[in-house]
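Engineer: have a look at this prediction, sequence included:
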Protein chains: 2
Amino acid sequence: MAKALESLLRALQGLPGVGAKTASRMAFHLLQHDRDGALELARALTRGVAELRHCTRCYTFTDADLCPTCTDPARDDTLLCVVETPADQAALERTGVYKGRYFVLMGKLGPLAALGPQENGVLRLLERLQGAQGDAVRELVLATSFTAEGEATAHLISQALKGRDIKVTRLARGVPLGSELEYVDLGTIAHALADRR
Amino acid sequence: MAKALESLLRALQGLPGVGAKTASRMAFHLLQHDRDGALELARALTRGVAELRHCTRCYTFTDADLCPTCTDPARDDTLLCVVETPADQAALERTGVYKGRYFVLMGKLGPLAALGPQENGVLRLLERLQGAQGDAVRELVLATSFTAEGEATAHLISQALKGRDIKVTRLARGVPLGSELEYVDLGTIAHALADRR
């Protein structure tokens, strides 16, 4: 096999969830049908690595020191929403309902993750809440995933903030819009019953 | 969202099988954990597009006019194996059993694909068999997939070669090694019975 093809297949397998078969499907598709797309992807990767870094305040990916959400003067400084990833943040933004600030953890606690100082979004969040910017925060909205890890992360954060004058809330659990009760899992129905209003 | 992130997400969605969610998982993984891998992928893509083209004889991807298999003097010119993709070719090569030449169709007939002259591997194959290189071929091994489309492609090729002095064979159908009969589909067992030896 040509060297250039070998290194392309190997590099594609560096993508999460891409094994040997998917990599060869991708490589042949790009080479056979979409060479412009391949070059565009190469440019986007190079540009992304060069330009994108973490916002110094909320830690999302941005191309400046501070992201547009952190610099927006119309945002409510008393509300801080904690999410796991920029994708989660984007999902919340699409609702158009939330007007506060964000903090992006960039991951969640793994089942065995120790509270080490590196790569640890929870520690960065607590640091931020110590600082001058943290003083304005009156409510922390925990919007981590409703999985075991996301719940553990939310629990850890709310524990760490005990005694501080910050109201800690969690996104409501309940039946998703458009679903028939028959097909909703029991845990969700139980939560929806307990939190009925 | 930062422009550079937007274009990275869009470019990743150009990969086959990659939607919005997978693209954001890939982008965040690369930016957060594997920036070197992102740059390597960018280089491999650029290099692949620049260097890789089709072998003028067998149509596989190569970085020269002719691929190593076509220029190898130890290969048997009387045997020509027809495969759909370079990945299929690589799978056959890994067995170490086949010593003939290859022809890579680069795709198969879609259910409604007309026999147009463009992008059509079958026409290219027939052309090759007309030429001087085709004169040496005594046996054509059809190794297209055992799917409806692969079978149709094989059928079309064998029909087109009727009357020519070329023996057309097909990879044997039968029970895969390591399988228990109980779990093998009926069609495969029927073929294995009919072709018993």
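Structural biologist: Alright, I've got the coordinates. Treat the numbers as computed from the prediction; the structure is a model and nothing was measured.
Engineer: contacts and neighbour counts: CA atoms only from here.
Structural biologist: Fine.
Engineer: go ahead and list the helix or strand containing the residue of chain A found nearest chain B.
Structural biologist: In chain A, no residue comes nearer to chain B than A:A42, which is 4.0 Å away by CA to the nearest CA. If you go by DSSP states H and E, A:A42 is part of helix A:35-51.
Engineer: show me the contacts for A:A192.
Structural biologist: Going by CA atoms under 8 Å, 6 or more residues apart in numbering or on different chains, A:A192 touches A:R173, A:G174, A:V175.
Engineer: between those residues, which is nearest A:K167?
Structural biologist: Taking CA to CA as the measure, A:R173 is the one of the contacts of A:A192 closest to A:K167, at 18.1 Å.
Engineer: grab the nearest non-local neighbour of the residue of chain A closest to chain B.
Structural biologist: B:A42 (4.0 Å; CA to CA, 6 or more residues apart in numbering or on different chains).
Engineer: next one: A:G107
Structural biologist: A:E84 (5.1 Å).
Engineer: surely the one you found and A:T147 touch.
Structural biologist: No. The criterion here is CA atoms under 8 Å, and A:E84 misses it with A:T147 at 11.7 Å.
Engineer: so for those two, which sits in the more crowded spot?
Structural biologist: Comparing A:E84 with A:T147 by other CA atoms under 10 Å in any protein chain shown, the one with more neighbours is A:E84, at 22 against 9.
Engineer: mind listing what that one touches?
Structural biologist: A:V104, A:L105, A:M106, A:G107, A:K108, A:A143, A:T144, A:S145.
Engineer: so for it, what pLDDT did the model give?
Structural biologist: Note for A:E84: predicted pLDDT of 90.
Engineer: ok, now A:V184?
Structural biologist: A:V184 is given a pLDDT of 87.
Engineer: what does the one 5 residues further on give?
Structural biologist: What the model reports for A:I189 is a pLDDT of 89.
Engineer: elements contacting the lengthiest strand in chain A?
Structural biologist: Determined from DSSP state E, the single longest strand within chain A is strand A:76-83. For strand A:76-83, the elements it packs on are strand A:100-104, strand A:139-142, judged by 3 or more CA pairs under 8 Å, 6 or more residues apart in numbering or on different chains; DSSP states H and E.
Engineer: need the contact list for the residue of chain A closest to chain B.
Structural biologist: B:L41, B:A42, B:R43, B:L45, B:T46.
Engineer: which among the residues you listed gets closest to B:G121?
Structural biologist: Comparing those against B:G121 with CA to CA picks out B:L45 as the nearest, at 24.6 Å.
Engineer: how close does A:T62 get to A:R53?
Structural biologist: Distance of A:T62 to A:R53, given as CA to CA, to the nearest Å: 6 Å.
Engineer: higher neighbour count, those two?
Structural biologist: A:T62 (22 against 19).
Engineer: that one touches A:L52, doesn't it?
Structural biologist: Yes. In this structure, A:T62 is within contact of A:L52 by CA under 8 Å, at 5.3 Å.
Engineer: list the residues that contact both of those two?
Structural biologist: In terms of CA under 8 Å, 6+ apart, A:T62 and A:L52 are both contacted by the residues B:A2, B:L5.
Engineer: which residue, other than its chain neighbours, is closest to the residue most central in space within chain A?
Structural biologist: Among the residues of chain A, the one closest to the centroid is A:T85, at 0.8 Å (CA atoms, centre = their mean). Using CA to CA, 6+ apart and skipping the chain neighbours, the partner closest in space to A:T85 is A:M106 (5.1 Å).
Engineer: that neighbour: neighbour count?
Structural biologist: 20.
Engineer: rewinding a little: redo the helices and strands packed on strand A:76-83 as a markdown table? Include distance to chain B.
Structural biologist: Listed next are those as a markdown table, based on distance: least, CA to the nearest CA, whole Å:
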| stretch | distance to chain B |
| --- | --- |
| strand A:100-104 | 12 |
| strand A:139-142 | 21 |
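Engineer: out of those strands, deepest packed?
Structural biologist: Greatest average neighbour count among the helices and strands packed on strand A:76-83 goes to strand A:100-104 (a mean of 24), per mean count of other CA atoms under 10 Å in any protein chain shown.
Engineer: now the angle from it to strand A:76-83?
Structural biologist: With axes from the mean of the first three to the mean of the last three CA atoms, to 10 degrees applied, the angle from strand A:100-104 to strand A:76-83 works out at 30 degrees.
Engineer: quick one: list the elements packing against strand A:100-104.
Structural biologist: When contacts are defined as 3+ CA pairs under 8 Å, 6+ apart, strand A:100-104 packs onto helix A:68-71, strand A:76-83, helix A:86-95.
Engineer: count the neighbours of A:G187 for me.
Structural biologist: 11.
Engineer: burial measure for A:A23, as a count.
Structural biologist: Residue crowding around A:A23 was assessed by other CA under 10 Å; the count is 22.
Engineer: report the buried residues of the helix or strand encompassing it.
Structural biologist: Per DSSP H and E, A:A23 falls inside helix A:20-33. By 16 or more other CA atoms under 10 Å in any protein chain shown, the buried positions in helix A:20-33 come out as A:T22, A:A23, A:S24, A:R25, A:M26, A:A27, A:F28, A:H29, A:L30, A:L31, A:Q32.
Engineer: picking that back up, pick the one among the contacts of A:E84 closest to A:T71.
Structural biologist: When those are ranked by distance to A:T71 (CA to CA), A:V104 comes first, at 15.4 Å.
Engineer: just checking, A:L45 touches B:A38?
Structural biologist: Yes. Taking CA under 8 Å as the contact criterion, A:L45 and B:A38 are neighbours in contact, 6.0 Å apart.
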